[in-house]
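Colleague: fold the stuff below for me.
(one chain, ligands or ions: 3)
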Amino acid sequence: MAHDSNLIISEEDFSDEEINYQEEGFNCELCGQYVGNNFEYEHHLETLHKHVCTECSRVFPSAFLLSVHLEEKHDSFFSVMTLKKDCYQCLVEDKSICNAKFRTSEERDEHMRNVHLYKNDFSFENIGFIVNYEED
Ligand SMILES: [Zn+2]
Ligand SMILES: [Zn+2]
Ligand SMILES: [Zn+2]
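Modeller: Ligands and ions are numbered 1, 2, ... in the order given. Sure thing, here's the model as predicted:
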């Protein structure tokens, strides 16, 4: 009873070329982390390698926050200035929205939570994370 067997047509004509696009993925040159494709890699670079502190390898979500961190953590002049006046600026980048300054980073954190409704556990100290660059 082997009639009509050629009714079953194999539909394997999906184009391999489209699927093969960076299918294997690769490792990031900077940190060795595996990324699946170029799109993922762009996102990876954006989040992990874009605003990196050259002093302590901490990564920040924006250039503004990185600049604040550099000033507060790695600028020796800043620590001298904090003794004399309020130097910790509000973390809202647009100074036309808020131009507040504070004596300590704790006061600033409190301001961010109370005025700008940042999360209850917000602390600038905890922003960013450290990328462990693998040595070759
Ligand atoms: Zn990387
Ligand atoms: Zn740093
Ligand atoms: Zn503010």
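
Colleague: every contact and neighbour count from this point should use C-alpha atoms.
Modeller: OK.

Colleague: the most centrally placed residue in the chain - nearest residue in space that isn't next to it in sequence?
Modeller: By Cα atoms, centre = their mean, the chain has its centre lying nearest to residue 47, at 3.0 Å. Distances taken as Cα to Cα, 6 or more residues apart in numbering place residue 61 nearest to residue 47, at 6.8 Å, with adjacent residues excluded.

Colleague: need the contact list for the one you found.
Modeller: By Cα atoms under 8 Å, 6 or more residues apart in numbering, the contact list for residue 61 reads 47, 51, 128.

Colleague: doesn't the residue nearest to the centre of the chain belong to a strand?
Modeller: No - counting by DSSP: H, G, I helix; E, B strand; the rest coil, one finds residue 47 to be helix, located in no strand.

Colleague: walk me through the domains of this structure.
Modeller: The record's domain parsing of the chain by automatic domain parsing lists 21-49, 61-130.

Colleague: which stretch among those domains comes nearest residue 55?
Modeller: domain 61-130 (7.5 Å; Cα to Cα).

Colleague: ok so, going back, mind putting the domains of the chain into TSV with mean pLDDT and distance to residue 55?
Modeller: Below are the domains of the chain laid out as TSV (pLDDT from 0 to 100; distance: least, Cα to Cα, whole Å):
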stretch	mean pLDDT	distance to residue 55
domain 21-49	86	14
domain 61-130	94	7
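
Colleague: of these, which is nearest ligand 1?
Modeller: Minimum separation from ligand 1 across the domains of the chain (Cα to the ion) falls at domain 21-49, 4.2 Å.

Colleague: any idea how far that closest one is from the middle of the chain?
Modeller: Between the centre of domain 21-49 and the centre of its chain there are 14 Å (Cα atoms, centre = their mean, to the nearest Å).

Colleague: please point out which parts of that domain sit buried.
Modeller: For domain 21-49, burial by neighbour count (16 or more other Cα atoms under 10 Å) applies to 35, 41, 44, 47, 48, 49.

Colleague: okay, the residues you listed in CSV with distance to ligand 1 next?
Modeller: Listed next are the buried residues of domain 21-49 as CSV, based on distance: Cα to the ion, whole Å:
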residue, distance to ligand 1
35, 8
41, 8
44, 6
47, 9
48, 6
49, 6
